[in-house]
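**Student:** The following comprises the amino acid sequence and a computationally predicted model.
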Amino acid sequence: QVELVESGGGLVQAGGSLRPSCAASGFTFGSYAMAWYRQAPEKERELVASISSGGATYYADSVKGRFTISRDNAKRTLYLQMNNLKPEDTAVYFCAATYTMSRMPPTSGYNYWGQGTQVTVSS
């Protein structure tokens, strides 16, 4: 059974940092593309960053230069290093997974999801 469990969210002041993580089980983690999405109140869920099984990455324009997605296949864990956080980054952050043969990190089509972790940035 596929399971994705996020942790590491929290409350931080603007300009601060957080590093949420996502522990994966029930599938061959190293063979799957992974992603972080977020959903703010009354807004649609949006892709923040994704990483292919080979380590290629994609970032939304709003987080480029501030966020870094990474994975540790031995630990079956996905990370999102978030620096210089802004109030507009406040959202529930979700981990997602999908199997693909593509070398490029997918920007859609994720079919496994975690429950999310809340990130709140105060001004």
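**Tutor:** Ah, there it is.
**Student:** What segments of the protein are helices?
**Tutor:** With helices called from DSSP state H, the chain shows none.
**Student:** what ranges of it fall below the confidence cut-off?
**Tutor:** Applying pLDDT under 70 to the chain picks out no residues at all.
**Student:** where along the chain do the strands fall?
**Tutor:** Listed in chain order, the strands of the chain (DSSP state E) span 3-7, 10-13, 21-25, 32-39, 46-51, 57-59, 67-72, 77-82, 91-99, 112-113, 117-122.
**Student:** Can you say which of those is nearest to residue 106?
**Tutor:** strand 32-39 (5.1 Å; Cβ to Cβ). For glycine as for every other residue, the C-beta is placed from the backbone atoms N, C-alpha and C.
**Student:** contact partners of the closest one?
**Tutor:** 20, 22, 24, 45-53, 69, 71, 78, 80, 89, 91-100, 102, 105-106, 110, 116, 119 (Cβ atoms under 8 Å, 6 or more residues apart in numbering).
**Student:** Apply 6 Å and report the result again.
**Tutor:** With Cβ atoms under 6 Å, 6 or more residues apart in numbering as the contact definition, strand 32-39 has outside contacts at 45, 47-53, 78, 80, 91-94, 96-100, 105-106, 110.
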